[in-house]
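Enquirer: for reference, the sequence and a predicted model appear below.
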Amino acid sequence: MTQDEGKREAARAALKYLRPGEPIGIGTGSTVNHFIDLLAPHKSDIPAAVSSSEASTARLKALGIPVVDLNEAGSLSLYVDGADETNRHLQLIKGGGGALTREKIIAAASRMFVCIADESKLVPALGKFPLPVEVLPMARSYVAREIVKLGGQPELRAGFTTDNGNPILDIHGLRIEKPLELEQQISMIAGVVTVGLFAHRPADLLILGGPKGVQELKAAR
Ligand SMILES: O=C(CO)[C@H](O)[C@H](O)COP(=O)(O)O
């Protein structure tokens, strides 16, 4: 089984959490793209979606699923999104696709966050995947210097701006032993819009696809 097939199987397994008649929150990335495609036969059950990126919005609209603003939708019962890394507490690194800010907002506004991924994303400790941090343009160098003080090596994501018009610093070399503390520390740096560490709002359920099939994990809390 390829990594992409693992993503697709995880996405397929998430369909059973759909709540017919209720709007759904939709993340961003190749795993979520599978999930959106798999929604086709269920679209009459989905009145609307709140989307975390322009890319997911375009894909949802192409399928005929109306996309609404979060302010209009209110709180959501279900949010489905991928991740770049997850630990056993279902704390995540997200933002490889650059949609971390809207993803964090929708996750916060949702009662259930189902994370779908291929099994390679489950790691003993977060931090091998460079941690994305969205920053306001004028604060880029200042935030980078503050991150060096925390032991990370920031690298500007070249040729990339988020859907919000901001750059991303990818932080290398962090072994994240205390995700809750690090999320708070980085979030406090002036000029940081969002850090792609989802520790204060982890996933509620993790669905992993791999050669041995699909496994579902609840957070060890
Ligand atoms: O956080 C994300 C986008 O901002 C994605 O969920 C993350 O990058 C995983 O992507 P993929 O499903 O393509 O592996």
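Expert: Arrived safely, thanks for sending. Bear in mind the structure is a predicted one, so any value in this text is a computation, not a measurement. Residues are numbered from 1 along each chain as shown.
Enquirer: E72: neighbour count?
Expert: 9 (other Cβ atoms under 10 Å). C-beta: built from backbone N, CA, C; applies to glycine.
Enquirer: tell me the secondary structure at it.
Expert: helix (DSSP: H, G, I helix; E, B strand; the rest coil).
Enquirer: which other helices and strands does the longest strand anywhere in the chain contact?
Expert: Secondary structure assigned by DSSP state E gives strand 110-118 as the longest strand of the chain. Packing contacts for strand 110-118, counted by 3 or more Cβ pairs under 8 Å, 6 or more residues apart in numbering; DSSP states H and E, involve helix 3-14, helix 30-38, strand 76-81, strand 205-210.
Enquirer: could you check the angle the first one makes with strand 110-118?
Expert: Okay, so that is helix 3-14. 150 degrees (axes from the mean of the first three to the mean of the last three Cα atoms, to 10 degrees).
Enquirer: now do the third one
Expert: Using the same axes, to 10 degrees, the inter-axis angle of strand 76-81 relative to strand 110-118 is 20 degrees.
Enquirer: name the residues of strand 76-81 that are buried.
Expert: L76, L78, Y79, V80, D81 (16 or more other Cβ atoms under 10 Å).
Enquirer: my guess is the last one contacts M112. True?
Expert: The reference is to D81. No. D81 is beyond contact range of M112, at 11.5 Å (criterion: Cβ atoms under 8 Å).
Enquirer: need the pLDDT of M1.
Expert: We note a pLDDT of 88 for M1 in this prediction.
Enquirer: dump the residue contacts of it.
Expert: Listed by Cβ atoms under 8 Å, 6 or more residues apart in numbering, the contact partners of M1 are E9, G209, G210, P211.
Enquirer: alongside the ligand, which residues does the chain contribute?
Expert: 27-31, 81-84, 94-100, 103 (Cβ under 6 Å from any ligand atom).
Enquirer: give me the buried subset of the residues you listed.
Expert: 27-29, 31, 81-84, 94-100, 103.
Enquirer: among these, which lie within helices?
Expert: T31, L100, E103 (DSSP state H).
Enquirer: which one of those is nearest to A190?
Expert: The nearest member of those to A190, counting by Cβ to Cβ, is L100 at 18.2 Å.
Enquirer: tell me how many other residues surround the closest residue to that closest one other than its chain neighbours.
Expert: Distance criterion Cβ to Cβ, 6 or more residues apart in numbering; nearest residue to L100, sequence neighbours excluded, is G196 at 4.2 Å. As a burial measure, G196 scores 29 neighbours (other Cβ under 10 Å).
Enquirer: then the one 4 residues further on?
Expert: Using other Cβ under 10 Å as the criterion, H200 is surrounded by 14 other residues.
Enquirer: repeat that for D37.
Expert: 13.
Enquirer: which residues does it contact?
Expert: Contacts of D37 (Cβ under 8 Å, 6+ apart): R59, L63.
Enquirer: I'd like the distance between it and Y79.
Expert: With distances taken as Cβ to Cβ, to the nearest Å, D37 is found 18 Å from Y79.
Enquirer: all strands of the protein, in order?
Expert: 24-26, 49-51, 76-81, 85-86, 92-93, 110-118, 131-135, 153-156, 168-172, 192-195, 197-198, 205-210, 213-218.
Enquirer: select, out of these, the one closest to Y142.
Expert: Per Cβ to Cβ, nearest to Y142 of the strands of the chain: strand 131-135, 8.6 Å.
Enquirer: need the contact partners of the closest one.
Expert: Counting by Cβ under 8 Å, 6+ apart, 93-96, 98, 100-101, 143, 147, 152, 154, 157, 162, 164, 166-171, 174, 176, 186, 191-197 sit against strand 131-135.
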